[in-house]
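# Generate coordinates for the sequence data below:
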Amino acid sequence: MTDYKNLKLIATSSPHIRSHETTRSIMLDVIIAMLPALLFACISFGLRALLLTAVSVVACVFWEWLYRKLMKKPDSIGDLSAVVTGMLLAFVCPVQMDYWMIVIGDFFSIIVVKQLFGGIGKNFLNPALAGRAMLVASYAGTMTSWADPTAGSIPLLGSTADVVTTATPLAMMKQGAFEEVLSTYDLTSMFTGTGLPGSMGEVSAVALLVGFAYLLWRKVIGWQIPVCYIATVAVLTFLFPTYGTGTQWMLYNVLGGGLFLGAIFMATDYTTSPVTKKGQVIYGIGCGVFTVLIRYFGSYNEGVCYSIMVMNLLVPLIDKYTKPTRFGVVKSEKKEAAAK
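Next up, the predicted model:
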């Protein structure tokens, strides 16, 4: 007979799944995945790309530390989420922007969007994208000017007023200059990012795909959101080309702008994306639809930033209607629960 009195039973609350993954390890994987894009930005735009990223990271860490200190909350900078936000915000900004501007964007991302709502895991918008949206609204001229990577190096310090700027391929396409885009940028340069103007972290699709492969290998993210997002943009632009052939228009829309950066690193944010596989597919398709709508009918030639934020707001609704039925629950009970 079993001696139950001498059994060492441990009673704990669910869930009972054990994993060696932590917030810090996941964020570290994301940082590693972004390094190829950062390296290419340094090669393309010079060391100012590295310094701008460093300033953004330090500012994000400082703002998070300061808020937690003033509010007498546990220190959270060790989870590296502020580092990820700092890198992502730098990635979606022009490399020649003033350092003080990105510090303001970091403040908005960390304090307003993240910490005021409770910190990591409780923000309803992607902090880096919200910071970029604020910077575009506040400093539209700077945030829509792109350094020409073929026109020489950009000074690390001092004024960048003399930096040569040029339109991005998407901006040229929006203005109807698609033939000029075809003659200026071939598909190889669009894929590799060589000589391509734009936000410092978005120009090289191949560098971002290397990061995507790493995140998939490490099982940090799934394929559903990035693939559904990019595929939706590809299908819609192929079916409804504005200029050129469907294939040409589709390839330049997919490879131009921040689609790969947004689909791989922004839309997959754990906090602001659905938890179910079905929900992630819907979310990715929604991001793609809104991106194409903004590019086609909006005054803005991009669309990734705002489409992801719009879908961020719909995540609770998507989760509500895509969550699986609990074992033993009949349909009538499920409908009653959903109606509450």
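
# Now do the helices in the stretch 51-200 of the chain.
Taking DSSP state H, counting those that start in this stretch, the helices of the stretch 51-200 of the chain run over residues 81-91, 99-107, 127-138, 140-143, 169-174, 178-184, 187-192.

# Just name the most buried of the ones you listed.
helix 81-91 (a mean of 27; mean count of other C-beta atoms under 10 Å). Using the backbone N, CA and C atoms, a C-beta is placed for each residue, glycine as well.

# Show me the contact partners of that one.
Residues from elsewhere that reach helix 81-91, judged by C-beta atoms under 8 Å, 6 or more residues apart in numbering: 23, 27, 30-31, 34, 37-38, 41, 49, 52-53, 55-61, 63-64, 76, 102, 105-106, 109-110, 114, 120, 127-128, 131-132, 199-202, 261, 265-266.

# sorry, back to before: out of the helices of the stretch 51-200 of the chain, which is closest to Leu156?
Counting by C-beta to C-beta, Leu156 lies closest to helix 99-107 out of the helices of the stretch 51-200 of the chain; the figure is 10.0 Å.

# between the closest one and helix 81-91, how big is the angle?
Using axes from the mean of the first three to the mean of the last three C-alpha atoms, to 10 degrees, the direction of helix 99-107 lies 130 degrees away from that of helix 81-91.

# is it true that Met173 touches Leu251?
No. Met173 lies out of contact with Leu251 (C-beta atoms under 8 Å); the separation is 11.7 Å.

# mind showing which ranges of the stretch 101-250 of the chain have poor pLDDT?
Residue ranges of the stretch 101-250 of the chain with pLDDT under 70: 152, 158-162, 164.

# at 50 instead, please
For the stretch 101-250 of the chain, no stretch has pLDDT under 50.

# Which residue lies closest in space to Leu239, excluding its sequence neighbours?
Nearest residue to Leu239, sequence neighbours excluded (C-beta to C-beta, 6 or more residues apart in numbering): Gly246, at 6.9 Å.

# go on, Val103?
Leaving aside its sequence neighbours, Val103 sits nearest to Ala59 (C-beta to C-beta, 6+ apart; 4.5 Å).

# One more: Leu89?
Excluding the flanking residues, the one nearest Leu89 by C-beta to C-beta, 6+ apart is Ala128, at 4.4 Å.

# check contacts around the one you found.
Contact partners of Ala128, counting by C-beta under 8 Å, 6+ apart, are 85, 88-89, 91-92, 109, 266.

# just Ala33 next, same as before
Going by C-beta under 8 Å, 6+ apart, Ala33 touches 210-212, 214-215, 220, 265.

# Mind checking which of the residues you listed land in helices?
The helices, defined by DSSP state H, take in 210-212, 214-215 from these.

# can you put these in a markdown table and add neighbour count?
Formatted as a markdown table, the ones in helices among the contacts of Ala33 follow (neighbours: other C-beta atoms under 10 Å):
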| residue | neighbour count |
| --- | --- |
| Val210 | 17 |
| Gly211 | 23 |
| Phe212 | 21 |
| Tyr214 | 17 |
| Leu215 | 23 |
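
# Mind picking the two most distant members of the residues you listed?
The widest separation within those (C-beta to C-beta) is 10.0 Å, between Val210 and Leu215.

# average pLDDT for the one helix or strand Ile318 maps to?
Using DSSP states H and E, the element containing Ile318 is helix 304-322. Helix 304-322 carries an average pLDDT of 92.

# Could you pull out the buried residues of it?
For helix 304-322, burial by neighbour count (16 or more other C-beta atoms under 10 Å) applies to 304-312, 315, 318, 322.

# Who are the contact partners of the spatially most central residue of the chain?
Residue closest to the mean C-alpha point of the chain, counted by C-alpha atoms, centre = their mean, is Met266 at 2.0 Å. By C-beta under 8 Å, 6+ apart, the contact list for Met266 reads 88, 126, 128-129, 304, 308.

# of the ones in helices among the contacts of Ala33, closest to Val289?
Distance to Val289 across the ones in helices among the contacts of Ala33 (C-beta to C-beta) is lowest for Phe212, with 21.3 Å.

# pLDDT wise, what is the closest residue to Pro155 other than its chain neighbours at?
Among residues not flanking Pro155 along the chain, Arg48 sits closest, at 7.2 Å (C-beta to C-beta, 6+ apart). Looking at Arg48, its pLDDT is 90.

# Good, wrapping up.
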